[in-house]
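Chemist: Provided below for reference: sequence and predicted model.
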Amino acid sequence: MLLDLHEIIEVPGGQVPFQCELDRERLSFPTLESFRGPVTAQGLVKNTAGVLELTAGVRADMTVRCDRCAKPVDVVLTPHFTATLQADAEDADSENIFPLEGDSADVGDVLETLFILNMDQKFLCREDCKGLCPTCGKDLNDGPCGCRQQIDPRMAVLGRLLDDIQEV
């Protein structure tokens, strides 16, 4: 969404509110199953002493896969972002400074970028998720799988000694 800011660029204290829907295709990631509705954003661009500052909240209602056991998990993310909009943003080193396009800013692009950069690294069905057995694939949250723990081949001789001791 291209937001026209010509009214506030030269007016300290001026502000422009906005609401938009973000592009769900740009927000996809490997463990995403689906979005359960539109990804919406609303916020404000304010001229503070000649600096254009964007503040916004985003709401994303989605179903993701647990990174340990692959069960579907319903998640609602509601991050809040702050970014600076400036004409010469290409020279800036900060990830929170974005370019103006003339007297406008693409707030959808800014918020999609911030959403991706601030995305959780891992989604879990619960904090103590035990994941899947690497040998048989059983969900370890449902109980032990019965697989014998793999022995490092370098320690196989010691494993046989332990088996001999247990037989005695």
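Modeler: Nice, I can see it. Numbering: from 1, shown residues only.
Chemist: quick one: contacts for the residue nearest the centre of the chain?
Modeler: Central residue of the chain (CA atoms, centre = their mean): M119, 1.6 Å from the mean position. When contacts are counted by CB atoms under 8 Å, 6 or more residues apart in numbering, M119 touches F29. The way it works is simple: take the backbone N, C-alpha and C, and place the C-beta from them, glycine included.
Chemist: distance check, it against V64.
Modeler: According to CB to CB, to the nearest Å, M119 stands 10 Å off from V64.
Chemist: what do you get for Q19?
Modeler: With distances taken as CB to CB, Q19 is found 25 Å from V64.
Chemist: for Q149, same thing?
Modeler: 30 Å.
Chemist: rewinding a little: ok, Q19 and V64, which is more surrounded?
Modeler: V64 (22 against 11; other CB atoms under 10 Å).
Chemist: any idea what the more buried one is bridged to?
Modeler: Applying DSSP bridges to V64 gives these bridge partners: L32, V73.
Chemist: next one: N47
Modeler: Listed by DSSP bridges, the beta-bridge partners for N47 are L52.
Chemist: so who does it touch?
Modeler: By CB under 8 Å, 6+ apart, the residues touching N47 are I8, I9, V11, P12, G13, G14, Q15, E53.
Chemist: equivalent analysis for G43, please.
Modeler: Contacts of G43 by CB under 8 Å, 6+ apart are P17, F18, L54, T55, A56, G57, F81, V107, L111.
Chemist: which pair of the residues you listed spans the longest distance?
Modeler: P17 and F81 (15.2 Å; CB to CB).
Chemist: confirm A156 sits in a helix?
Modeler: Yes - counting by DSSP: H, G, I helix; E, B strand; the rest coil, A156 falls inside a helix.
Chemist: if I look at it, how far off is M1?
Modeler: In terms of CB to CB, A156 sits 63 Å off from M1.
Chemist: who has more neighbours out of the two?
Modeler: Using other CB under 10 Å as the criterion, A156 and M1 rank with M1 on top: 17 against 10.
Chemist: returning to what we had before: going by distance to D88, which of the contacts of G43 wins?
Modeler: For the contacts of G43, the closest approach to D88 (CB to CB) belongs to L54, at 16.5 Å.
Chemist: next up, the contacts around the closest residue to L2 other than its chain neighbours.
Modeler: Spatial nearest neighbour of L2, chain neighbours left out: S104 (4.9 Å); criterion: CB to CB, 6 or more residues apart in numbering. S104 sits next to L2, L3, D4, L5, H6 when contact means CB under 8 Å, 6+ apart.
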